[in-house]
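Novice: sequence and predicted structure, then a few things I'm wondering about:
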There are 2 protein chains.
Amino acid sequence: MQGVVVTMKKIILMLSLLMVNACGIANTTDISWRKLDPKHTILMTLPQGKVVIELAQQFSPKHVAQFEKLANEHFYDETTFYRVIDGFVAQAGPKDGSEKDKSVPLLKVEDHWITNKDFLFTKVQSNDLYAQQTGFSDGFAIAHSPKEQKAWLTHCPGTLAMARESGPDTATSHFYFVIGQAPRYLDRLMTVFGRVVYGMEHIQSVQRTSTIEGEFAVDSRDHTKIISMRLMSEVPKEQQIIIEVEDTSNENFAKRLTKTRNRENEFFYNKPPPVLDVCQISVRSRMVNK
Amino acid sequence: MQGVVVTMKKIILMLSLLMVNACGIANTTDISWRKLDPKHTILMTLPQGKVVIELAQQFSPKHVAQFEKLANEHFYDETTFYRVIDGFVAQAGPKDGSEKDKSVPLLKVEDHWITNKDFLFTKVQSNDLYAQQTGFSDGFAIAHSPKEQKAWLTHCPGTLAMARESGPDTATSHFYFVIGQAPRYLDRLMTVFGRVVYGMEHIQSVQRTSTIEGEFAVDSRDHTKIISMRLMSEVPKEQQIIIEVEDTSNENFAKRLTKTRNRENEFFYNKPPPVLDVCQISVRSRMVNK
């Protein structure tokens, strides 16, 4: 019986070890941290709780500028998550066709940037299913084609991107978060412009709006509302959530990737292939004001 | 202004089309359905709502038999999700080291099965990042190595698997659901024995038990409890949820895969690579008793 007790404790121990690899919860002493700029960080308040989003102004400047302007105008307050598909996306925006909706200018798509031979990023995987290279740049999951000399932000869980109609330059204010398995086929088609760094579980619990055949439809009055969407720098100091994120350009991050890839631990009695899915790697966060 | 109204409507239209591809919500007329066997289906009731799980007795018979026996003994009622890591797993089981915990026999791992040259399944992708082939068998996402003549159930969002200690044959009653990007590196290391076919959003909203550095720890009294875990056949008729799932061996399912892979739609102004991530393909469900 004693043996079984040990067994259960070990499950927890082993899952902790797994977590270091998969989710990066444990030992944080060798991490190099980077403080988010509150001028390019969003605090979104949902009925479920608070969410912090890092904006990618260095990659998608026009989308970020428009989103920040809208946040500063309190545009998104009281708008709803009107299309939430489990395992796919949670999409929000103003009421379709309303004056508010129509007031926002169209954006030119920002679906990639040009790289040169000296392009530096933290490599995760070559010959990924969807791209020649994947990796991280400034904490964002990216893909890179040395052949085409192009790089782009990839769709991973927690990615924030702008919705659009069929033309590339048709996004305005409607946005979505990825809440399921990475829809990487949307890469280079949508403008990714941010990522959730805190409170992803609250987005995961947003009211789904679609049902399966045979189920009662969800009443639109039950759709989750955004209480407020603010630039962190505009939030009163005592309500700010100051987040630091792992510096993915630091060598310790690269070392962790190597360690994770190799799975050198007795738990892995069958060695998995030495590959990494960029969307399965977590970039750690910590709160520094609580 | 009229143009912008059209824009927003088209976003919705286009996302509907995307959903057909990514999540399979729309047109269901050409689907072949398969009714789940209530004797191998689980109804798990959480405070958030009801979850239906299809058990994989054809692939992992010993784990399914033990899980069914425990469900019939109401073993899991009032047990908690004690380790829930956002983006990774929601793990539940009895109190570590309790009499209940110690009462359950060890299981031999069921991490693959042997195939022969005639092994038939619905292929999704060759040379996936983690496996030579991926596909579906009886609605379950699988991977296959023709070279090794082995196949196994893969870890995708919604996968149910048994936790264990470091030795392969050490699982008992503790189990986990995958709630984030597929941790495929756990394939062939854990016994996958079921999949969520209804109510995944309720598992997604289970209380997380880990926090980030600087945050207050989650009080264990707030951990989500399982209200009840029952075989569907043991639930009173009026409380049963009868689910049919898409028959993945039907040619219409294979046709949908081809269509999805090709992305032949003006929305895709950049054609994504013609590849499919098996964990990003949804197998549809419908409720037939409401």
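Specialist: Received, thanks. This is a predicted model, so every value here is computed, not measured.
Novice: any idea how far the helix or strand where A:Tyr82 lies is from the middle of the chain?
Specialist: In the assignment (DSSP states H and E), A:Tyr82 maps to strand A:80-84. A distance of 18 Å separates the centroid of the chain from that of strand A:80-84, by CA atoms, centre = their mean, to the nearest Å.
Novice: list the helices and strands that strand packs on?
Specialist: Identification of packing neighbours for strand A:80-84 by 3 or more CB pairs under 8 Å, 6 or more residues apart in numbering or on different chains; DSSP states H and E yields strand A:89-93. Backbone N, C-alpha and C define where each C-beta goes, glycine included.
Novice: report the strands that pair with the strand it packs on, each with its relative direction.
Specialist: strand A:80-84 (antiparallel), strand A:175-178 (antiparallel) (DSSP bridges).
Novice: which of the residues in whichever helix or strand comes after it are buried?
Specialist: Per DSSP H and E, the first helix or strand lying C-terminal to strand A:89-93 is helix A:99-102. The neighbour-count check on helix A:99-102 (16 or more other CB atoms under 10 Å in any protein chain shown) flags A:100-102 as buried.
Novice: report the distance from helix A:99-102 to the chain centre.
Specialist: Distance of helix A:99-102 from the chain centroid (CA atoms, centre = their mean) equals 27 Å.
Novice: what of stretch A:98-113?
Specialist: That offset, for stretch A:98-113, works out to 20 Å (CA atoms, centre = their mean).
Novice: follow-up on the earlier one: quick one: which of the buried residues of helix A:99-102 is nearest chain B?
Specialist: Nearest to chain B out of the buried residues of helix A:99-102 is A:Lys102 (CB to the nearest CB; 4.6 Å).
Novice: and the helices in chain A?
Specialist: Ranges of helices within chain A are A:2-22, A:61-72, A:99-102, A:200-204, A:251-262, based on DSSP state H.
Novice: picking up where we left off before, which one of the strands paired with strand A:89-93 lies closest to A:Lys123?
Specialist: A:Lys123 lies closest to strand A:175-178 among the strands paired with strand A:89-93, at 22.3 Å (CB to CB).
Novice: what does that closest one contact?
Specialist: Strand A:175-178 is contacted from outside by A:67, A:83, A:88-93, A:155-163, A:196, A:203, using CB atoms under 8 Å, 6 or more residues apart in numbering or on different chains.
Novice: 7 Å - rerun?
Specialist: Strand A:175-178 has contacts (CB atoms under 7 Å, 6 or more residues apart in numbering or on different chains) with A:89-93, A:155-163, A:196, A:203.
Novice: before we move on, what about stretch A:248-257?
Specialist: For stretch A:248-257, the surrounding residues in contact (CB under 7 Å, 6+ apart) are A:30-32, A:122, A:124, A:136, A:139, A:246-247, A:276, A:281, A:283.
Novice: list the buried residues of stretch A:210-230.
Specialist: For stretch A:210-230, burial by neighbour count (16+ other CB under 10 Å) applies to A:210, A:212, A:223-226, A:229-230.
Novice: ok, which of those residues also contact chain B?
Specialist: Counting by CB under 7 Å from any CB of the partner chain, A:210, A:212 from the buried residues of stretch A:210-230 sit close to chain B.
Novice: and the furthest pair within the buried residues of stretch A:210-230?
Specialist: Using CB to CB, these span at most 35.8 Å, a distance reached by A:Ile212 and A:Arg230.
Novice: distance of A:Lys225 from chain B?
Specialist: 17 Å (CB to the nearest CB, to the nearest Å).
Novice: give the contact list for the nearest residue to that residue once chain neighbours are set aside.
Specialist: Among residues not flanking A:Lys225 along the chain, A:Thr80 sits closest, at 5.2 Å (CB to CB, 6 or more residues apart in numbering or on different chains). By CB under 7 Å, 6+ apart, the residues touching A:Thr80 are A:92, A:223-225.
Novice: could I get the residues you listed as JSON lines with pLDDT?
Specialist: Conversion of the contacts of A:Thr80 to JSON lines gives the following (pLDDT from 0 to 100):
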{"residue": "A:Ala92", "pLDDT": "98"}
{"residue": "A:His223", "pLDDT": "97"}
{"residue": "A:Thr224", "pLDDT": "98"}
{"residue": "A:Lys225", "pLDDT": "98"}
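Novice: between the residues you listed, which is closest to A:Met44?
Specialist: Ranked by distance to A:Met44 (CB to CB), these are led by A:Ala92 at 9.4 Å.
Novice: ok, the closest one - contacts?
Specialist: Neighbouring residues of A:Ala92 by CB under 7 Å, 6+ apart: A:79-82, A:175, A:226.
Novice: hey, what's the residue nearest to A:Lys225 bridged with?
Specialist: Beta-bridge partners of A:Thr80, counted by DSSP bridges, are A:Gly93, A:Lys225.
Novice: coming back round to it: out of the helices of chain A, name the one with the poorest average pLDDT.
Specialist: Among those, helix A:2-22 has the lowest mean pLDDT, at a mean of 40.
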